[in-house]
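Visitor: Turn this into a model:
(2 chains)
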2 protein chains.
Amino acid sequence: MANSATKSKQGRPERRRRSDGERSRSAILNEAARLATVEGIGGLSLSRLADQVGMSKSGLFAHFGSKEELQLATIETANEIFDQQVLDPAAKASAGVERLRALTSQYLDYVQAGTFPGGCFFATVLVEVSMQPGAVRDRLLAFLQDWIGRLEAAVRDGQREGEISKKEDPGQFAFDLESSLLLANTQFTVAQNSEPIERARRAIDRRIKEAAA
Amino acid sequence: MANSATKSKQGRPERRRRSDGERSRSAILNEAARLATVEGIGGLSLSRLADQVGMSKSGLFAHFGSKEELQLATIETANEIFDQQVLDPAAKASAGVERLRALTSQYLDYVQAGTFPGGCFFATVLVEVSMQPGAVRDRLLAFLQDWIGRLEAAVRDGQREGEISKKEDPGQFAFDLESSLLLANTQFTVAQNSEPIERARRAIDRRIKEAAA
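Guide: Model prediction:
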C-alpha cells in the first residue's frame, strides 16, 4: 500500500495499480491452489483466504465475485503450474515412447517436488468433487480427459513409429501407466517418503519394456 | 416413536428402548458412511445428518458426543461393510495366488456394486484427510496398512507355495495390484461405467501371470 502510494506520486498511478492487482491476483490464486490440496476446494472461502494472504475480505471480493469464480480461477492457476512442470518439459521429448517416458517421469517429479502440499492438485480435488455436479467438476474432468488423451496419443505415436507393439490397446496401456502415477501420488502425500515414487518408476519402466514392438 | 410408545405399554420398555437405540445408531452410521463419500467426512455435521435421517439434533447428540466421535464411529461402520463385502469372502480362498485373486476381485466387485455412492469409502476419505493430522487420519492409515499388508502376505504365501517367483518383491507386487484397484475406483466413481473395472481386472490378471514361478 505504502509502496503503491509512493509510485503514484511518480506520475504513473494507473499502470502501477494494474500491475499490483495482477501481482495480488496471482499471489492469491497460488495460495488458493495450495490450500485446496490441504483443506479441499470446497473449503476455499473468501474469508479464510483473506486471512491467509493478509487482505481484507472486501479486497478479495474485488478480485472474485463468487466462490465458484474463485474456484475456477484457482483451477486455471493449478493448470498453469502443471503445464510448466509437466507438459512443457515433456513436449520437448520426441513423439512416442520418449514422450511417454517424459510425461510419466515429469509427473512423478512434480509430485515428489511437493509442488502442492497435499499432492497433485487435480488428483486430490477431483476425488473431492466427483459427486458434486457443476462447473468445477466439469473443468477437472476436462483436465483429466486431456491428460489421459496425451498418454494415449503417445502410445499411438509409438505404435506408428514401430516402438510399441500394435497388439497393445492404447486405452489399457494409458490406464496401466496412470494407475502407477495415481497410487504414487496418494502414497507419497500420506507418507512423504520416496518409496512409492520409485515403485511407480519401476512399474512404468517394466510396462513400457513389455510393450516394445 | 409411535411404535416405541406402543411397545412400552406391553411391559418391556427398557429392552425395547435399547433395541430401538441400536437400530437408530446403525441407520445413522450407514447414512453417515454414504454421505462421507459424497460430501466428505469433514462435512459430516450432526445437524446435516439429523436432517438426513429425520432425527432431532439433540437426539443425535445422545448417540455421539462430538463430531470426531461420529466420524470415528462412521469409519468403524464402513470397515464392517468392507469386511463383509471384501475380506470375509476372500478369506475363504486358499492362501497364496487364489487369495490374491479373491482380494482384488472382491474389491472391484465392491466398487462396481456402488456400495458407497462416492466410491470406496477408504480411498475417498483418506485423500480428504491426508493433510489433517488426528485420530481420523490415523484410523484410515491403519486400515490402509492392514489392506496392503494382506496383499503382501498373500504374495509371500504364494512364494512359499511355489506359485509366485521368489524374484518378486512383495511390496512392489502389492503396489502394482493396488494401483490398478485405486484407479479403477476413481474412474468408475466419476464415469459410472464398467470399463475401468474391466481394465483393472485385465491388468491384475496379466501381472499375476507374469509373476508365476
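Visitor: Please tell me how far the residue nearest in space to the middle of chain A sits from chain B.
Guide: In chain A, the centroid-proximal residue (CA atoms, centre = their mean) is residue A:82; its distance is 4.0 Å. Noted for residue A:82: a distance of 18 Å to chain B, by CB to the nearest CB, to the nearest Å. C-beta here means a position set from N, CA and C on the backbone, and glycine is covered the same way.
Visitor: That residue looks like it's in a strand, true?
Guide: No - going by DSSP: H, G, I helix; E, B strand; the rest coil, the assignment for residue A:82 is helix, not a strand.
Visitor: could you measure it against residue A:111, distance?
Guide: Counting by CB to CB, to the nearest Å, the gap from residue A:82 to residue A:111 is 11 Å.
Visitor: And for residue A:213?
Guide: For residue A:213, the distance to residue A:111 - CB to CB - is 30 Å.
Visitor: before we move on, the earlier item: is the residue nearest to the centre of chain A in contact with residue A:125, as I believe?
Guide: No - applying CB atoms under 8 Å, one finds residue A:82 not in contact with residue A:125, separated by 12.0 Å.
Visitor: Overlap of the contact sets of those two?
Guide: Taking CB atoms under 8 Å, 6 or more residues apart in numbering or on different chains as the contact definition, residue A:82 and residue A:125 share no neighbouring residue.
Visitor: Residue A:213 and residue A:111: who's more crowded?
Guide: Taking other CB atoms under 10 Å in any protein chain shown, residue A:213 and residue A:111 do not tie; residue A:111 has more neighbours (26 against 13).
Visitor: that's a helix at the more buried one, yeah?
Guide: Yes - judged by three-state DSSP, residue A:111 forms part of a helix.
Visitor: Contact partners for it?
Guide: So residue A:111 contacts A:119-120, A:181, A:184-185, A:188-189, A:197 (CB under 8 Å, 6+ apart).
Visitor: Let's have those in TSV, adding pLDDT and neighbour count.
Guide: TSV is the format used below for the contacts of residue A:111 (pLDDT from 0 to 100; neighbours: other CB atoms under 10 Å in any protein chain shown):
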residue	pLDDT	neighbour count
A:119	97	25
A:120	98	24
A:181	98	24
A:184	98	29
A:185	98	26
A:188	97	21
A:189	96	23
A:197	98	18
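Visitor: ok, which of those residues also contact chain B?
Guide: A:119, A:184, A:189 (CB under 8 Å from any CB of the partner chain).
Visitor: Excluding chain neighbours, give the residue nearest to the last one in space.
Guide: When you say that, I think you mean residue A:189. What sits nearest to residue A:189 in space, not counting adjacent residues and going by CB to CB, 6 or more residues apart in numbering or on different chains, is residue A:119, at 3.5 Å.
Visitor: Same question for that neighbour, what's its three-state structure.
Guide: Here residue A:119 is coil, with the state taken from three-state DSSP.
Visitor: isn't it right up against residue A:187?
Guide: No - assessed by CB under 8 Å, residue A:119 is found out of contact with residue A:187, at 9.5 Å.
Visitor: Pull the number of nearby residues for residue A:105.
Guide: Other residues close to residue A:105 by other CB under 10 Å number 18.
Visitor: Repeat that for residue A:30.
Guide: 16.
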